[in-house]
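Asker: need a structure here:
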Amino acid sequence: MSDNASDSAAAERGLQGADQTIASFEDTNNGLVWRAQSFLHRYPTSIPFIVLLLGVVIFSVAAPGKFLAPFNFSLILQQVTIIAILGIAQTLVILTAGIDLSVGAIMILCSVVMGRTAVVYGVPVLIAFPLGLIVGIACGALNGVIVTKLRLPPFIVTLGTWSIFGALNVWYSQSETIRQQDMEASAPFLQWTGTIIKPYNFFAQTLGLDWTFLKGWVLTYGSLVMLVVALIVWYVLNKTAFGRHVYASGDDPDAARLAGINTDRTLIGVYALAGFICAIAAWVLIGRIGGVSPQAGQTANLDSITAVVIGGTSLFGGRGSIVGTLIGALIVGVFRNGLALSGLELLWQDFAVGVLIIVAVTIDQWIRKISA
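Answerer: Modelled structure (predicted):
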């Protein structure tokens with residue numbers, strides 16, 4: 001009996017030790033760091049939003065009276081409009097665990113097709129504009145077909161098509177710039193996105209609302225186009241089956257295929273949609289510069305990736321949002337503008353953006369540990 005009693009006591013102590021070990025493990029997992037990881041994993045957009053707020057506060061102090069001026073905020077918004085639209089296209093691709101190095105080249109090629117077809121060759125803008133959109137869709141679809149059918153890495157494929165589209169741009173444009181005056185005479189519709197609007201005057205004259213806080217704000221129709229594109233793509237990603245397929249294909253393509261998702265068709269659709277959005281960016285680019293230049297947007301590829309990464313979209317696919325990309329583009333614009341107003345040289349602006357990219361990717365890796 002004494003042996004049985006001692007065995008029972010030992011077993012009880014063992015169970016208590018195991019319970020304490022489990023409790024200790026649970027306490028570790030439920031600590032402050034784990035909770036922060038879990039929160040950021042559920043709400044990745046919170047990080048860029050906090051960074052944006054910090055940037056606004058810092059530069060408001062560093063450049064008092066200048067940074068918070070309504071016109072300055074309007075300038076920032078106009079500067080990031082094109083990058084934000086390209087960032088939306090890039091977000092779609094990165095959500096599938098890919099990357100598109102050709103978005104800038106597609107944008108420039110589409111702008112050249114729209115402008116040169118309408119101005120130089122005299123084709124009605126009702127044909128030239130849709131032709132540019134079709135070129136964008138075709139370029140994006142070509143990327144998707146090569147990636148899916150040849151099973152090549154998206155980085156390599158889009159690096160190659162970047163050169164191809166760039167060569168086509170030089171060939172079709174003949175390295176000639178179309179002046180603003182020629183655009184105004186032949187295709188003013190292509191410049192519509194650059195039209196300036198003043199919200200205060202609009203609400204005062206249209207609705208009779210004297211909203212004085214809107215005085216000094218200056219917007220363009222291009223910025224409104226950006227918001228419309230963002231809203232539509234947000235709806236597609238969050239409210240449609242195609243959007244769920246995009247996330248699933250990026251998170252775990254094998255599981256997505258087992259679940260009955262045609263991942264190849266999804267990828268081709270993503271790249272084609274990205275190409276269409278790049279064509280919309282081309283329209284906004286024409287309005288921004290007033291004409292067509294085959295040399296415009298040389299850094300657009302890297303800028304779009306920067307906006308997406310800083311906005312919290314994971315380079316490993318399956319996690320990210322359009323809202324985060326818009327915030328990421330604003331962060332880049334705010335930091336560049338704030339540093340310029342503070343009197344720092346351009347090299348320090350590039351330095352700050354580089355630091356933001358590294359920090360964003362580091363945080364993404366840290367957050368991913370919660371699902372490991």
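Asker: immediately after the helix or strand hosting residue 202, which helix or strand?
Answerer: In the assignment (DSSP states H and E), residue 202 maps to helix 199-206. Next in sequence after helix 199-206, counting helices and strands by DSSP H and E, comes strand 219-220.
Asker: In CSV, could you pull the C-alpha coordinates for the very next helix or strand once past that following strand?
Answerer: Later in the chain than strand 219-220, the nearest helix or strand by DSSP H and E is helix 221-239. Below are the C-alpha coordinates for helix 221-239, written out as CSV (Å, rounded to 0.1, in the frame of the first residue of the first chain):
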residue,chain,number,x,y,z
TYR,A,221,-9.2,65.0,-61.2
GLY,A,222,-6.3,62.6,-61.3
SER,A,223,-6.4,62.3,-57.5
LEU,A,224,-10.1,61.5,-57.7
VAL,A,225,-9.4,58.9,-60.3
MET,A,226,-6.9,57.3,-57.9
LEU,A,227,-9.5,57.2,-55.1
VAL,A,228,-12.0,55.6,-57.5
VAL,A,229,-9.5,53.0,-58.6
ALA,A,230,-8.6,52.2,-55.0
LEU,A,231,-12.2,51.8,-54.0
ILE,A,232,-13.0,49.5,-56.9
VAL,A,233,-10.0,47.3,-56.3
TRP,A,234,-10.6,47.2,-52.5
TYR,A,235,-14.2,46.0,-53.3
VAL,A,236,-12.9,43.3,-55.7
LEU,A,237,-10.3,42.0,-53.1
ASN,A,238,-12.6,42.1,-50.1
LYS,A,239,-16.1,41.4,-51.5
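Asker: what about helix 221-239, average pLDDT?
Answerer: Per-residue pLDDT values over helix 221-239 give a mean of 96.
Asker: buried ones in it?
Answerer: 221, 222, 223, 225, 226, 229, 230, 233, 234, 236, 237 (16 or more other CB atoms under 10 Å). Placement of C-beta: from N, CA and C, glycine included.
Asker: Dump those residues to JSON lines, plus distance to residue 358.
Answerer: Below are the buried residues of helix 221-239 laid out as JSON lines (distance: CB to CB, whole Å):
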{"residue": "221", "distance to residue 358": "36"}
{"residue": "222", "distance to residue 358": "31"}
{"residue": "223", "distance to residue 358": "29"}
{"residue": "225", "distance to residue 358": "32"}
{"residue": "226", "distance to residue 358": "27"}
{"residue": "229", "distance to residue 358": "29"}
{"residue": "230", "distance to residue 358": "26"}
{"residue": "233", "distance to residue 358": "27"}
{"residue": "234", "distance to residue 358": "28"}
{"residue": "236", "distance to residue 358": "31"}
{"residue": "237", "distance to residue 358": "27"}
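Asker: which of those residues lies closest to residue 74?
Answerer: residue 223 (8.7 Å; CB to CB).
Asker: Which strands or helices does whichever strand or helix holds residue 283 pack on?
Answerer: For residue 283, the element it lies in under DSSP H and E is helix 263-289. Packing partners of helix 263-289 (3 or more CB pairs under 8 Å, 6 or more residues apart in numbering; DSSP states H and E): helix 70-95, helix 103-119, helix 125-149, helix 221-239, helix 241-251, helix 253-258.
Asker: closest to residue 282 out of the ones you listed?
Answerer: helix 103-119 (3.7 Å).
Asker: Who are the packing partners of the closest one?
Answerer: Going by 3+ CB pairs under 8 Å, 6+ apart, helix 103-119 lies up against helix 70-95, helix 125-149, helix 154-173, helix 180-186, helix 263-289, helix 300-310.
Asker: What is the least confident helix or strand in the chain?
Answerer: Sorting the helices and strands of the chain by mean pLDDT, DSSP states H and E puts helix 2-29 at the bottom, at a mean of 48.
Asker: circling back to that earlier point, dump the helices and strands packed on helix 103-119 to CSV, plus distance to residue 328.
Answerer: Shown next, in CSV, are these (distance: least, CB to CB, whole Å):
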stretch, distance to residue 328
helix 70-95, 7
helix 125-149, 21
helix 154-173, 20
helix 180-186, 31
helix 263-289, 16
helix 300-310, 4
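Asker: Need phi/psi at residue 196.
Answerer: Dihedral pair for residue 196: phi -90, psi 140, per degrees, to the nearest 10.
Asker: From residue 229, how far off is it?
Answerer: 20 Å (CB to CB, to the nearest Å).
Asker: again with residue 67
Answerer: Taken as CB to CB, the span from residue 67 to residue 229 is 27 Å.
Asker: List the buried residues in the helix holding residue 202.
Answerer: Buried, per 16+ other CB under 10 Å, within helix 199-206: 199, 200, 204.
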